[in-house]
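Asker: here's my sequence, what's the structure:
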Amino acid sequence: MLMEDRKQEKLWTKGFILTSVVNMMLTLSLYLLLVTMAVYAIETYDASVSMAGFVSSVFIIGTLFGRLYGGKNIARIGNRKMLLFGSAAVLVSTALYFVPMGIYPLMGLRFLHGVALGLAATATGTIVAQIIPRSRSGEGIGYFSMSVVMATAVGPLIGVVLLNQYGFTSIFIFSLVMAVISLLLSLRVRPPEVEVPEVSSYKRFSLSDYFEARALPISSVMFVLAFAYSSILSFVTGYSGEIDLVEAGSFFFLVYGISVLLSRPVTGPLMDRKGANIVVYPALILFAAGMLTISQADAGWMLLLAALLIGLGYGNFQSISQALAIQATPRHRMGLANTTYFIALDLGLGFGPLVLGFIVPMLGYRGMYFSLVFVILLGIVVYHFAHGMKSRTV
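Answerer: Down below sits the predicted model:
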């Protein structure tokens with residue numbers, strides 16, 4: 001019996017590994033194209049800067065639509081079918097980048113590519129949540145979300161290198177190869193069967209069809225902190241150039257990724273044993289410290305120290321909060337929990353640069369980053385009332 005329990009608690013199963021790799025390859029292509037698509041639109045179609053920015057960001061809008069539809073219908077359609085359809089649609093969308101088109105068809109393609117990725121990502125997140133044993137959810141989600149963290153760190157780096165060395169065609173070839181491999185691996189994923197309660201054939205419109213109420217509190221915290229982190233994704237390159245720390249800035253996301261990679265094996269199991277609070281409160285304090293450090297950076301080591309602190313802080317909170325959203329949800333609604341969580345994350349990352357873009361001319365980069373320290377402190381307060389005060393630590 002003991003051996004059987006251990007077997008049930010196994011984390012590194014074939015399904016877990018395959019799904020994590022599929023998610024990493026899909027996300028790698030996402031970030032690679034995000035950092036290069038605006039330049040492609042300007043150089044190939046003579047787009048204005050604002051138009052080029054929309055070509056890049058309309059992908060996120062498509063992803064939101066994909067997540068909304070996927071979260072509502074994944075229980076009905078089935079995890080595997082949605083994963084295969086989403087992966088196939090990503091492959092077709094990626095292949096279409098080779099076709100010459102105008103700026104508006106390119107926008108449409110970016111939107112459809114985003115929808116396809118939203119469907120596939122909803123499926124991978126739901127499948128992994130159902131595969132991971134409940135007793136190891138913090139650890140398992142932590143390792144799974146490393147696929148996104150590493151893609152965030154490596155994708156932009158690959159995109160810039162390919163663009164500088166070989167041009168845009170090489171970027172599309174690399175993305176196409178990732179899409180082919182993702183689809184082939186998706187064919188081998190066999191998610192567990194989950195019993196879905198029967199519902200009446202007559203259905204009125206209901207927000208519960210699109211969002212999971214039990215995941216909303218922690219998702220609201222994620223929105224606040226993703227809003228703050230969007231300043232790193234969108235402005236750290238420009239900021240490092242302004243303060244003459246371009247070389248250090250080029251290593252920022254690499255240091256960020258390494259700090260998350262080294263800390264996740266500790267923070268995930270610690271959450272499972274002691275509860276979320278023992279990880280979250282220190283993580284958010286480190287995030288605030290990292291934001292304060294970057295606002296005062298005048299040397300390369302300070303910029304990289306900020307990357308380390310933000311990786312330990314925000315990087316770990318991102319996986320812990322996803323695990324909390326899933327833990328609060330019945331198994332048959334995990335797809336909606338993932339949708340709710342990632343919509344909050346995407347909205348924070350997408351809405352942040354829009355607002356902060358108005359703040360930078362008034363306060364400068366340093367002032368913006370310093371002001372975001374208080375946004376993170378607000379996030380700590382929101383977390384405390386949304387989850388922290390209700391969570392019992394051991």
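
Asker: hey, let's count contacts and neighbours off CA atoms from now on
Answerer: Fine.

Asker: which secondary structure elements does the helix or strand hosting residue 301 contact?
Answerer: Taking DSSP states H and E as the definition, one finds residue 301 inside helix 300-310. The contact analysis (3 or more C-alpha pairs under 8 Å, 6 or more residues apart in numbering; DSSP states H and E) places helix 300-310 against helix 246-250, helix 252-274, helix 277-296.

Asker: got CSV for the ones you listed, with mean pLDDT too?
Answerer: Shown next, in CSV, are the helices and strands packed on helix 300-310 (pLDDT from 0 to 100):
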stretch, mean pLDDT
helix 246-250, 81
helix 252-274, 84
helix 277-296, 95
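
Asker: out of those helices, which is the most enclosed?
Answerer: Each of those was scored by mean neighbour count; the highest is helix 277-296, a mean of 22, by mean count of other C-alpha atoms under 10 Å.

Asker: what sits up against that one?
Answerer: 267, 270-271, 302-303, 305-314, 316-317, 320, 365-370, 372-374, 376-377, 380, 388, 391, 393 (C-alpha atoms under 8 Å, 6 or more residues apart in numbering).

Asker: with just CA atoms, put that helix into CSV.
Answerer: This file holds the C-alpha atoms of helix 277-296, laid out as CSV (Å, rounded to 0.1, in the frame of the first residue of the first chain):
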residue,chain,number,x,y,z
ASN,A,277,2.5,32.6,3.3
ILE,A,278,6.0,31.5,4.3
VAL,A,279,7.0,31.9,0.7
VAL,A,280,4.8,34.7,-0.5
TYR,A,281,5.5,37.4,2.0
PRO,A,282,9.3,37.2,1.7
ALA,A,283,9.0,36.9,-2.1
LEU,A,284,7.0,40.1,-2.3
ILE,A,285,9.4,42.0,0.0
LEU,A,286,12.3,40.8,-2.3
PHE,A,287,10.3,42.0,-5.3
ALA,A,288,9.9,45.5,-3.7
ALA,A,289,13.6,45.5,-2.8
GLY,A,290,14.5,44.6,-6.4
MET,A,291,12.3,47.4,-7.8
LEU,A,292,13.9,49.9,-5.3
THR,A,293,17.4,48.7,-6.3
ILE,A,294,16.7,49.1,-10.0
SER,A,295,15.4,52.6,-9.4
GLN,A,296,18.7,53.6,-7.8
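
Asker: could I have the buried ones of the contacts of helix 277-296 as ChimeraX selection syntax?
Answerer: Buried subset of those, written as a ChimeraX selection, criterion 16 or more other C-alpha atoms under 10 Å:
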select :267,270,271,302,303,305,306,307,308,309,310,311,312,313,314,316,317,320,365,366,368,369,370,372,373,376,377,380,388
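
Asker: re earlier: can you put the helices and strands packed on helix 300-310 in CSV and add distance to residue 28?
Answerer: Formatted as CSV, the helices and strands packed on helix 300-310 follow (distance: least, C-alpha to C-alpha, whole Å):
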stretch, distance to residue 28
helix 246-250, 18
helix 252-274, 13
helix 277-296, 24
